[in-house]
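got a predicted structure plus its sequence, pasted below:
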Amino acid sequence: MMHTIRFSALLILLGLFCSCEKVIDLKVPDSSPKYVIEGLVSNQTGGAKVTISLSKNFTDDNTLNGVSGALISVESDGTVYPFVAAGNGVYQNSTLTGIPGHTYKLTVNISSNTYTSTSIMPQPVSLDSVYIVTDEFSKNKDKSLQRLVTVKYKDPADTRNYYRFIQYIDNIKEKTIFVSDDEFTNGQEVNGRLNFSNDNDAPTREVRTGKQVRIEMQCIDAAVYKYFYSLDTDASGDSNNATPANPISNISGGVLGYFSAYTITSKTITVPPQ
Amino acid sequence: MKKNGPIRFPNLIYPLMKLHQFLRVFFCITVMAIIGSLHAFAQSPLDKKVTINLNNVPLKQALDKLTAASGVRFTYNEAVAASSIKLTIKAKAQSIRQVLDATLATYPYSYSELDQDILIRYDAMKLKKLNAEPAAKPVTGRHTISGTITSEQSGETVIGASIRVINGVQGTSSNGYGFYSLTLPVGDYQLMVSAIGQKTDTIAVSLTGDEKLNIALSDNAQQLQTVTITAAPQGGRDLKSPQMGVERLSVKEITDVPVLLGEHDVIKTIQLLPGIKPAGEGSGGFYVRGGGADQNLILLDEATVYNASHLLGFFSTFNSDAIKNVSVYKGDMPAQYGGRLSSVIDVKMNDGNNQKFGVSGGVGMIAARLNVEGPIQKGKSSFLISARRTYADVFLKLSKDTTIKNTQLYFYDFNAKANYILGDKDRLYISGYFGKDVLAADDLNGIDWGNTTATLRWNHIFNSRFFSNTSLIYSNYDYKIKAKQDVSSFLIYSRIKDWSFKEDMQYDIGEDHSLSFGLNSIYHTLKPGEISATGNSGIISQQLETRYAWDNAAYLTDTWKATDRFTLTYGLRVSAFSIIGPGHYYDLDTDGNITGSTNYNSGQIVKTYINPEPRAAAAFQLNETSSVKASYARNAQNLHLVTNSTPGSPLDKWVASTNIIKPELADQFSIGYYKNLVQGKYELTVETYYKKLQNQIDYRNGTNIFTNQPIETQLLYGKGRAYGAEFLLKKKTGRLTGWVSYTLSKTERLIDGINQNQWYNARQDRTHDLSVVGIYKLNDQWTFSANFVFYTGDAVTYPSGKYQIDGVNYYYYTSRNASRLPAYNRLDIGATKQLKHTKKYTSELNFSLYNAYGNRNAYRIFFRDSKTDPNRTEAVRTTLFTYVPSVTYNFKF
């Protein structure tokens, strides 16, 4: 959870700068499109999904440039699960449900290139509870104090654990990456606050009384944690990082993206009055 | 203020016109220098021919008649005008120079050129010389004159004063303690002593044996207010000395340069000189000749200052009230310095006035200052206490908003020094600095950081040729982060602490050789981080292993005056950096994973890095006004600052070399050309350098800076190269002074594992860098100033594409630092109005306007989904400062 501390320290620093921001026309270099593979295998039915897309130029629109015609399979314990196209670059296998502790091997063939990756599904850790706290230092657009979700779980002492949390508010997914490891919290009962900055003041992102909050806790492996950590710090476009770079992928063959075999536990609450 | 009326337009336009002239002159001189016909450029008023016959005419009248006959104007004060001396002049087509030389020879007046005028002033020293009986004794042999150069008014020692034999070739300059030593054959000499900010003095010496000669120079500033304007002293760059890449500034020189929020700042001012570049607006760091911000050794009275910036870099830790002098060495350090690759910034504090008690201070837009100094025993010992604190937080307390009300935001500095002259041969100094920044949202959330240094020094003069300085130094830098979330709170603490001993000796073997030698021993303690947590966050309190290192160095340098024109300095510094247990040291594979570790006991040596660092420099004087120099220096660095944040943060981590992190090495080659133009009114410096860097460090991609893994797992290594040419043209005299500085350069890195192992531009690579500084003294009351800065934007990494992960846009990068921030440019203007000037009390008002035309310079550029069209991405530019006006009131009594 060190990440969260850094976050608040930075907020104080940034608050100091009475800076002014302006959208500018900037000439950024173009690049030839690159494959992006997002491979998922979860311990829930229907959780086996691979999305393949192509990167775009900065000035292009934000629609997903899905890639069709890829040959995709995941192999585990000698069984090969082929994936079928579901349109717009999405491929699925309806029978593959992951089992914790097992190794999954992804193979993707696109226009005679092969990309592979392996991921070991970690043992699940249960999400004990989810509750709402008030952040005394950040405010919503209407000047009310921002409320944030805190997750509570017991970290197992005997293994290294890596977590990713996904926050849905009235079924709208928060885009902030919430990842954590147990480097400083091994074996402890952890209360972790899911800090995010509502940088575009979207009311849909605010945690408000009466809204439904669903938190999905994923146990991920070390390589996937590293991927999301570096994606967040190096590739999010925020220039506080002096040296932006592509995140560290666990897929070989020179593509963007990652392959994750993960477990899910989730909890839903209704935001209580303040 | 009403009394003074509004500032009139002509007053404002005039300095601008002069600035234009100055630039034109600069251009002319450059062109002329190229075609090599400087003499044709401008006729000095002293060279004008005149035919005149005067018999026993009072001085003022005689000067008026000379003006009528030649058209040359004279400037002088009332004392000169009222002089009772009578002159007889008979000249037929003689130059004004010849006329004045002949006429004033027997009177205590001297003349100098001042723009197109000639300044006549009373010269008491001349009187002394006139009365001095030259004692010519037919003795042969060589003897040494030595002593200390001080300011007459304050008793402060004068650093870097030049002592030259008039009509001779011998000369030297005073060291960091004002001490000088000059060996000459027996004979009669006239010595010219000059220094920046002091009146030039001429002293007649009849040398028959070793002689002790302490010299008190009077301050220039004092004369400035009684006479109209005076010519600045010769001083300036030493054509004979092989030392290259050095810039010296006295605090007096910088007080008229406009600055952000009126806080005079030596660190900001040196960034207007060639080869020294700011690390960006609002950053305390700076880059010297392509080196990193951590490759500058910043010394305050010899103690290392690890973080020389306040308020995240807007201000430096050096309160100009307490500072005497700054010397900047751009990589060609003398062998007495070591430990950093790119530069040494040697800041010396004032000693304290040992003549009279004084209080000075000021109130600016953000900070208030108070400085108290005076003799403990007149002429023998003195003290100085200087304090500065920002007061903006006082206003925060008045806010109704509790968040603002609870915010703490301030910094302070406290400097203190005392010195005691124990006798002819010994002098003791004790000095200290303490500064802190506090930045907090309330008692539980915030960061604070600060430096503490203390120095005890003992100057001892063994004999007229042998000077020694012994120092005991303490330095500490630490930071603390406090954070609270819900019911949990955290505290992170980190520090670096040094104890050091330093011995520097200077020994003049004779007329031709002068030795410097000494040793330096530093014990470093680095506490990289400790975290304490309370509450339910699950974070376990722990600390990273403290690292210990013992850093030793010894050096020997000889300066050999081979001929009248050729001087050579050569020497060697040997550094030995020992990493000392206790602690675990690791073995890593190429991906940075730990493959093994060794545990060392307390006091056990983990590894010692020995680095010979040869230094050599040569100067060849071409003629009276020009010289060429060449230099080579190797430097080793064993403390490294690893940073990954754009502005540089007080939380950046200092790490020592380990079994894996090798000492950084730099080899710098440079050559330079130096010329004094137009009777020394202008000074031209051209220097070029090539620097090779080894064992450079960078973070791996995806680095987690908050980790209890050994730092080595997060690092990559490689090499660097930097080369460039620097041009500096200074105008040192007249109503308009200032300089134009231009640097053309290239800086690259090659790090294994970054940018597909190809060379890439370092962030600080700036092709062009131009600074123009102009100070115009209109009259006794008003001084105007302006500076203009232009430089190529930093090399940065812009995305070359985008893609989606889990429905969110992220950016795709191809090559490191292949793009550029927009070019930076800014004009600052300033004006100082002298309000009151009496012997007992002076006060002045300083106005400045930072970024006068409000250019929106990019502090950073970031990328995000468009706020107006979510189907697009956009680039956003952040600007820190546009139009920052400020008023500062300064007083002294």
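Sure thing, it's come through.

which non-adjacent residue is nearest B:Gly702?
Closest residue to B:Gly702 apart from its sequence neighbours, by Cβ to Cβ, 6 or more residues apart in numbering or on different chains: A:Ser230 at 2.8 Å. Just so you know, the C-beta spots here come from the backbone N, C-alpha and C atoms, and that holds for glycine as well.

next up, the contacts around that neighbour.
A:245, A:247-248, B:701-702 (Cβ atoms under 8 Å, 6 or more residues apart in numbering or on different chains).

by neighbours, which of these wins?
A:Pro247 (23 neighbours; other Cβ atoms under 10 Å in any protein chain shown).

give me the phi and psi for that one.
Main-chain torsions, A:Pro247, degrees, to the nearest 10: phi -70, psi 160.

in this structure it contacts A:Ala235, no?
Yes: A:Pro247 is within contact range of A:Ala235, at 5.4 Å (criterion: Cβ atoms under 8 Å).

what sits in contact with each of the two?
By Cβ under 8 Å, 6+ apart, the residues touching both A:Pro247 and A:Ala235 are B:Tyr810.

now the helices for the stretch 51-200 of chain B?
B:59-70, B:78-81, B:96-104, B:124-131 (DSSP state H, counting those that start in this stretch).

over to chain A?
Ranges of helices within chain A are A:2-16, A:222-234, based on DSSP state H.

of the ones you listed, which shows the lowest average pLDDT?
Among those, helix A:2-16 carries the lowest mean pLDDT, at a mean of 42.

what's the span of stretch A:140-151, first residue to last?
21 Å (Cα to Cα, to the nearest Å).

what's next to it, contact-wise?
A:127, A:129-136, A:138-139, A:165, A:167, A:190-196, A:198, A:201, A:203, A:206-208, A:213, A:215, A:217, A:271, A:274, B:486.

buried sites along stretch A:254-267?
Of the residues in stretch A:254-267, A:255-265, A:267 count as buried by neighbour count, 16 or more other Cβ atoms under 10 Å in any protein chain shown.

what about the residues you listed, which are in strands?
A:256-265, A:267 (DSSP state E).

farthest-separated two in the residues you listed?
A:Leu256 and A:Lys267 (31.7 Å; Cβ to Cβ).

just give me the closest of the ones in strands among the buried residues of stretch A:254-267 to chain B.
A:Leu256 (5.8 Å; Cβ to the nearest Cβ).

what's the closest non-adjacent residue to that closest one?
Nearest to A:Leu256 is A:Val36, by Cβ to Cβ, 6+ apart, at 4.4 Å.

the one you found bridge partners, please.
A:Val36 has these beta-bridge partners by DSSP bridges: A:Ser53, A:Leu256.

residue of the stretch 401-550 of chain B closest to chain A, please.
B:Gly538 (3.5 Å).

in this structure that residue contacts A:Asn191, no?
Yes: using Cβ under 8 Å, B:Gly538 is in contact with A:Asn191, at 6.6 Å.

how close does the single nearest residue of chain A relative to chain B get to A:Tyr35?
Nearest residue of chain A to chain B (Cβ to the nearest Cβ) works out as A:Ser230 at 2.8 Å. A:Ser230 sits 18 Å away from A:Tyr35, going by Cβ to Cβ, to the nearest Å.

cool, thanks, signing off.
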